[in-house]
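Build me a model from this:
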Amino acid sequence: MRIIVAGASGQIGDFLLPMLLEQGHEIYAISRQKRSDNSICWLQFDLSNAVSVELPPADILINAGSLSFLPGLESQFVASGVRRLIALSSTSIFTKSESSDAREKAMISGLIQCEKEMFAMCERQGIGWTLFRPTLIYSLGRDKNLTLVDKQICRFRCFPLIGSGRGMRQPVHASDLANACVQSLETGATVNHAYNLSGGEVLSYRDMVARLFERRGLPVRMIPVPVLLLRALIMLLRMNPRYRYLSPNMADRMQKDMLFSHDEASRDFGYAPRPFSP
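Numbering: from 1, shown residues only. Got it, this is the predicted structure:
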């Protein structure tokens, strides 16, 4: 099949492209920066500028990047002949919808609206869709979550922890999400369905961070920090554009459980994520 992969240069694309190649698909990979690969046709597009986008003829589009660009590409979908769409959103629409951070709340409201617009577009054009909502995504060196924690551990040999860090997590590896995209192509049961995709292990925030220390061969040193102090630290980090995505509410969420069942995905297409393995 001819498959377009948007967001191909991201952490999920790193694993998705080789999987699709192994299955013999013809791949068109989209990225903002120019790339070259003898086995893949790379297209240089900025999807936020719909006027500049001209999608090649394809059967399927897998969007491994931001969901925000899809609703504006409806005419391009029609011209390309895409009849199947697989896209990724986030379980953040459930955990951050009541955030006290105005910027974070606006971002989640925008994501929810993008989902609705994507569903409406697919219904108008007769495109079969599958939406994945992953939990905490990791792929050390590529993600914006655990990589930040890992860098701090390497630099300072310690980590600031709010309270007991008892909030439960299910980190999911980017390769498991890539595999879910491939598995979804092989069964009609996933068409017009949304799935929560969590990792294969439930562990506390504290235990998750401890695994990062152990991975580095370092003694586990977590320093209890008052929530107000960590909030102030996050605000300071946000002054650097690289960390603008951080929110003071992250400090509060260390104490909260963020668990989502992936039973429906396991039932419908055999989703079987690995235990946490940084």
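
quick one: the strands in this protein?
Along the chain, counting by DSSP state E, strands occupy 2-6, 26-31, 41-44, 60-63, 84-88, 128-134, 137-138, 159-162, 168-169, 172-173, 193-197, 203-204, 222-225.

The longest helix along the chain to strand 128-134, inter-axis angle?
Counting residues, the longest helix found in the chain (DSSP state H) is helix 102-125. Between helix 102-125 and strand 128-134, the angle comes out at 160 degrees (axes from the mean of the first three to the mean of the last three C-alpha atoms, to 10 degrees).

Just the buried positions in helix 102-125, please.
104, 105, 107, 108, 111, 114, 115, 117, 118, 121, 122 (16 or more other C-beta atoms under 10 Å). Placement of C-beta: from N, CA and C, glycine included.

what's the residue lying closest to residue 213 once chain neighbours are set aside in contact with, if anything?
Nearest residue to residue 213, sequence neighbours excluded (C-beta to C-beta, 6 or more residues apart in numbering): residue 220, at 4.5 Å. By C-beta atoms under 8 Å, 6 or more residues apart in numbering, the contact set of residue 220 is 210, 213, 214.

Over to residue 254?
By C-beta under 8 Å, 6+ apart, the neighbours of residue 254 are 161, 162, 163, 165, 167, 205.

List just the nearest of these to residue 16.
Taking C-beta to C-beta as the measure, residue 205 is the one of the contacts of residue 254 closest to residue 16, at 28.1 Å.

Neighbours of the closest one, how many?
24 (other C-beta atoms under 10 Å).

can you pull the contacts of it?
161, 165, 166, 167, 168, 169, 254.

Could you do residue 107 as well?
Residue 107 neighbours (C-beta under 8 Å, 6+ apart): residue 96.

circling back: okay if I get the buried residues of helix 102-125 as JSON lines plus pLDDT and distance to residue 17?
Output for these, formatted as JSON lines (pLDDT from 0 to 100; distance: C-beta to C-beta, whole Å):
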{"residue": "104", "pLDDT": "78", "distance to residue 17": "31"}
{"residue": "105", "pLDDT": "83", "distance to residue 17": "34"}
{"residue": "107", "pLDDT": "86", "distance to residue 17": "28"}
{"residue": "108", "pLDDT": "91", "distance to residue 17": "29"}
{"residue": "111", "pLDDT": "95", "distance to residue 17": "25"}
{"residue": "114", "pLDDT": "95", "distance to residue 17": "24"}
{"residue": "115", "pLDDT": "96", "distance to residue 17": "25"}
{"residue": "117", "pLDDT": "96", "distance to residue 17": "27"}
{"residue": "118", "pLDDT": "96", "distance to residue 17": "23"}
{"residue": "121", "pLDDT": "95", "distance to residue 17": "25"}
{"residue": "122", "pLDDT": "96", "distance to residue 17": "24"}
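
Now render the residues you listed as CSV, adding distance to residue 30.
What follows is those, written out as CSV (distance: C-beta to C-beta, whole Å):
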residue, distance to residue 30
104, 28
105, 30
107, 23
108, 25
111, 20
114, 18
115, 21
117, 20
118, 17
121, 18
122, 19
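
one step back: mean pLDDT lowest for which of the strands of the chain?
Mean pLDDT is lowest for strand 159-162 among the strands of the chain, at a mean of 85.

partner strands of that strand, parallel or antiparallel?
Paired strands of strand 159-162, with direction, are strand 222-225 (parallel) (DSSP bridges).

tell me which residues of the partner strand are tucked away?
222, 225.

Using PDB, write down the CA coordinates of it.
Output in PDB follows, covering the C-alpha atoms of strand 222-225 (Å, rounded to 0.1, in the frame of the first residue of the first chain):
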ATOM      1  CA  MET A 222      15.400  12.100  45.600                       C
ATOM      2  CA  ILE A 223      15.100  15.400  47.500                       C
ATOM      3  CA  PRO A 224      11.700  16.200  49.000                       C
ATOM      4  CA  VAL A 225      10.700  19.600  47.700                       C
END
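
Flag the shaky bits of the chain, pLDDT-wise.
Scanning the chain for pLDDT under 70 picks out 251.

Just give me the neighbour total for residue 193.
16.

all numbers from here: first residue = 22
Sure, I'll start counting at 22 from here, so that last one is residue 214.
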